[in-house]
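Q: model this:
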Amino acid sequence: MAGELEEGAPGVLPRELIPVDRILQRWDVSIGTGLPSEAWDDNPRCSRPTPLDDDTAIVVDQIILKLPPRTNQVIVAWYRTPQPTQVIARRLNMSSRNLEKGLRVCLGFVRWRFEESDHLPLVRLLRVQV
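A: Now for the predicted structure:
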């Protein structure tokens, strides 16, 4: 129907949000102490994306810290915890479906913040074709 928002398949990001998702995955492995965590992590080290360069990681971290509280909660829970969608959704008092929809909205907002940052390496990463 004309004028309605196209949702797409569950768990599949729209093309314009894929670079934001990849940047945030790289941000996740860029920050931290580099020391082993006491929390269990089943993700093999070889499957992790390459970290962002230090300057870009700092810019992304500052952008994430300045997000509205709910947007920050969704982004940090999604990218910084190994918890499944259902656990994150329950922790945020939402359904799994609403969490996935909300994540898309949050990623769109983060994309806008990345673009307005004027940090050229970050803006270039957004322009990567998928």
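Q: Helices along the protein, start to end?
A: Using DSSP state H, the helices of the chain run over 18-30, 54-65, 69-80, 85-91, 96-116, 120-126.
Q: Which residue lies nearest the spatial centre of the chain?
A: What sits nearest the mean C-alpha location of the chain, by CA atoms, centre = their mean, is residue 24, with 4.2 Å.
Q: which residues touch it?
A: Shown in contact with residue 24 (CB atoms under 8 Å, 6 or more residues apart in numbering): 60, 75, 79, 107, 110. The way it works is simple: take the backbone N, C-alpha and C, and place the C-beta from them, glycine included.
Q: cutoff 7 Å now
A: For residue 24, the contact set (CB atoms under 7 Å, 6 or more residues apart in numbering) comprises 75, 79.
Q: Also the one 3 residues further on?
A: Applying CB under 7 Å, 6+ apart, one finds that residue 27 lies in contact with 52, 57, 60.
Q: Please tell me how far it sits from residue 21.
A: 11 Å (CB to CB, to the nearest Å).
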